[in-house]
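> based on what follows, work out the 3D shape:
(chains A, B, C and D)
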There are 2 protein chains.
Amino acid sequence: MPGPSTSYHHGNLRRVLLDNALELIVERGNYSFTMRELARKANVTHNAPYRHFADKNELLAALAEEGFEQMSQALVDECGSDCGLDPATWLKCLGQGVVRFALRNPFQYRLMFGDALADARTDYPGLMKASEVTFLLLVRSIQECKQAGLLREGLSVNEVAIGAWSLVHGLSSLLLAGHLRQKNETTTHLLEQLSHMLFEGILKFGDGPRV
Amino acid sequence: MPGPSTSYHHGNLRRVLLDNALELIVERGNYSFTMRELARKANVTHNAPYRHFADKNELLAALAEEGFEQMSQALVDECGSDCGLDPATWLKCLGQGVVRFALRNPFQYRLMFGDALADARTDYPGLMKASEVTFLLLVRSIQECKQAGLLREGLSVNEVAIGAWSLVHGLSSLLLAGHLRQKNETTTHLLEQLSHMLFEGILKFGDGPRV
DNA sequence: AGAATGAAGTGGACATTGTCAACATGATGT
DNA sequence: ACATCATGTTGACAATGTCCACTTCATTCT
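Numbering: from 1, shown residues only, chains lettered A, B, ... in the order given. Okay, the predicted model is just below:
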């Protein structure tokens, strides 16, 4: 039963903490919130949050994990969960989907790929797992390209996957960090040009998917 | 005169703070050092550091700025400060130089491109300037390519610059974050493959620089 | 030369935070 | 009915960032 809000046990604290944390991150553009602050916002004493997260990093890791899950979901929604007819088109959709997700959810994306967790990332198996699932989507689309004989000679699936991820993540990252003057070109135009560039680089017959 | 270390005025505090901060960052892999800690390490009272940096962020920004300056210097050292004979070779050298700098100075690179400063980046003009100087190196090499008639039809210098930066920064970032299993392939082999991929994508005659 | 100004460092006070230990509450299972 | 254990509470403590008033010293102005 959805609880009497006055009960001794909150019953929903973990979720509330995560939601409030993300809200504060978005509001302020940084990770400066404190655990005690979260406790106050949830009408709970200063130590209650620590029953759910050992420290702030563990909470951030949980947020990042959810971010990967949302991104995977968004990609499947937009591009389907496997190659339809044309694997190159699938790859293109996935790549552009990543950038769009980043622009739509800048703070989650930063959490997922940024250095807030840095080397500590490997301490959170759930997070590692969630990120690998996402990566695998892109890898599979490239495997399909290879099987369909679309890749240039001498290119391994792994190399192309790294190249595609680098391009896509690099663009997202630079856009979010404000390193790129957005100039006149709309983002969608830019996405088209870069997709084209990549496909010229990796596909046998250049020119990318004929859509 | 280089001072008696016992004098009331430290005389060199700013530099010492920066050096010690970077040392702590490298040691711990995060930005958890405190200002008071830096003060103790420099044999100075807890408020002295604030005469040089308004807060921790300003200190981090200063470190990032020096990082950009070092990277520019490294690139010029390795690749020269302008196109020698072949602009495509220059571009290739610069791109690979960025990745190598990132791998050599992972913590500085994270500081420069990571989200420690995030949106606050624009608050530090010196940092913005230093980063633009670095970016300009790559842009100039691409302008030279364009002038030499090497670029494919329909590709603007700006678009190619964004593509090249994205690829190069994305790779560096993913490598440092540990998102890529390094697998068998040595990094240098990977760099060659990705360079090749990019050049196939942007150059008229594919195949990249003939070196 | 001597005074004045201001940059750099000191010292103390205070609210806030993370952390630890002991305790209270209530849901769950046998 | 009772024991157990996850969840939340309470109180204490050292460390931190921040504010303010004070000191030291180098530079500049007259």
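> going forward, measure contacts between C-alpha atoms and count neighbours the same way
Fine.
> shaky segments in chain A?
The model of chain A has pLDDT under 70 over residues A:1-6, A:8, A:182-185, A:206-208, A:210-211.
> A:S195 contacts A:L91, doesn't it?
No - under the criterion of C-alpha atoms under 8 Å, A:S195 makes no contact with A:L91, lying 9.6 Å away.
> chain A against chain B: which residues are in contact?
A:29-30, A:110, A:113-116, A:118-119, A:159, A:162-163, A:165-171, A:173-174, A:177-178, A:180, A:190, A:193-194, A:196-202 (C-alpha under 8 Å from any C-alpha of the partner chain).
> swap the cut-off to 6 Å and go again
Listed as neighbours of chain B in chain A under the rule C-alpha under 6 Å from any C-alpha of the partner chain: A:114-115, A:166-167, A:169-171, A:197-198, A:200-201.
> narrow these to those in helices?
Secondary structure from DSSP state H places A:166-167, A:169-171, A:197-198, A:200-201 of the residues of chain A next to chain B in helices.
> which of these sits closest to A:E65?
A:H169 (17.1 Å; C-alpha to C-alpha).
> what's the nearest residue to that closest one if we skip its chain neighbours?
Nearest non-adjacent residue to A:H169, counting by C-alpha to C-alpha, 6 or more residues apart in numbering or on different chains: B:G170, 5.4 Å away.
> how near is that neighbour to A:D82?
Counting by C-alpha to C-alpha, to the nearest Å, the gap between B:G170 and A:D82 amounts to 25 Å.
> looking at those two, which has the bigger crowd around it?
B:G170 (26 against 14; other C-alpha atoms under 10 Å in any protein chain shown).
> can you map out the helices along chain A?
Applying DSSP H to chain A gives helices spanning A:13-28, A:35-41, A:56-79, A:87-104, A:106-113, A:125-147, A:157-177, A:187-202.
> need those in JSON lines (columns: distance to B:F53).
Listed next are the helices of chain A as JSON lines, based on distance: least, C-alpha to C-alpha, whole Å:
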{"stretch": "helix A:13-28", "distance to B:F53": "21"}
{"stretch": "helix A:35-41", "distance to B:F53": "26"}
{"stretch": "helix A:56-79", "distance to B:F53": "26"}
{"stretch": "helix A:87-104", "distance to B:F53": "33"}
{"stretch": "helix A:106-113", "distance to B:F53": "26"}
{"stretch": "helix A:125-147", "distance to B:F53": "36"}
{"stretch": "helix A:157-177", "distance to B:F53": "23"}
{"stretch": "helix A:187-202", "distance to B:F53": "37"}
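> out of those helices, nearest to DNA strand C?
DNA strand C sits nearest to helix A:35-41 of all these, at 4.0 Å, using C-alpha to the nearest atom of the strand.
> do the closest one and DNA strand D meet at all?
No - Helix A:35-41 lies apart from DNA strand D when judged by C-alpha under 7 Å from any atom of the strand; the minimum separation is 7.6 Å.
> can you list the residues of chain A near DNA strand D?
By C-alpha under 7 Å from any atom of the strand, the residues of chain A that approach DNA strand D are A:8-13, A:43-49, A:51-52.
> going by neighbour count, which of those comes out on top?
Within the residues of chain A next to DNA strand D, neighbour counts (other C-alpha under 10 Å) peak at A:P49, which reaches 21 neighbours.
> burial measure for the closest residue to it other than its chain neighbours, as a count.
Nearest non-adjacent residue to A:P49, counting by C-alpha to C-alpha, 6+ apart: A:A39, 6.3 Å away. Taking other C-alpha under 10 Å as the criterion, the count of residues near A:A39 is 20.
> surely A:A39 is in contact with A:H46?
Yes - using C-alpha atoms under 6 Å, A:A39 is in contact with A:H46, at 5.4 Å.
> now A:V99. Nearest residue, chain neighbours left out?
Nearest one to A:V99, counting by C-alpha to C-alpha, 6+ apart, is A:S172 at 5.3 Å.
> what's the burial count for the one you found?
With other C-alpha under 10 Å as criterion, A:S172 counts 23.
> how close does it get to A:D115?
Computed as C-alpha to C-alpha, the A:S172 to A:D115 distance reads 15 Å.
> what does A:L198 give?
For A:L198 relative to A:D115 (C-alpha to C-alpha), the value is 27 Å.
> ok, these two, which is more surrounded?
Neighbour comparison, A:L198 and A:D115: the larger count goes to A:L198, with 27 against 24 (by other C-alpha under 10 Å).
> where's that one relative to B:L59, distance?
A:L198 is 39 Å from B:L59, by C-alpha to C-alpha.
> repeat that for A:L138.
Separation of A:L138 from B:L59 (C-alpha to C-alpha): 39 Å.
> cool, and A:R100?
For A:R100, the distance to B:L59 equals 33 Å [C-alpha to C-alpha].
> ditto for A:V16
34 Å.
> looking at these two, which one has more neighbours?
Set side by side, A:V16 and B:L59 show more neighbours around B:L59, with 20 against 15, by other C-alpha under 10 Å.
> can you report how many residues lie near the residue lying closest to that one once chain neighbours are set aside?
Among residues not flanking B:L59 along the chain, B:F53 sits closest, at 5.8 Å (C-alpha to C-alpha, 6+ apart). Using other C-alpha under 10 Å, B:F53 is surrounded by 17 other residues.
> cool, A:Q96 as well?
Using other C-alpha under 10 Å, A:Q96 is surrounded by 20 other residues.
> check contacts around it.
Counting by C-alpha atoms under 6 Å, 6 or more residues apart in numbering or on different chains, A:Q96 touches no other residue.
> same thing but 7 Å
Counting by C-alpha atoms under 7 Å, 6 or more residues apart in numbering or on different chains, A:Q96 touches A:L191.
> quick one: it from A:L17, how far?
Look at A:Q96 and A:L17: by C-alpha to C-alpha, they are 32 Å apart.
> likewise for A:L75?
When distance is defined by C-alpha to C-alpha, A:L75 is 27 Å away from A:L17.
> and those two? which has more neighbours close in?
A direct count of neighbours by other C-alpha under 10 Å for A:L75 and A:L17 places A:L75 higher, at 23 against 20.
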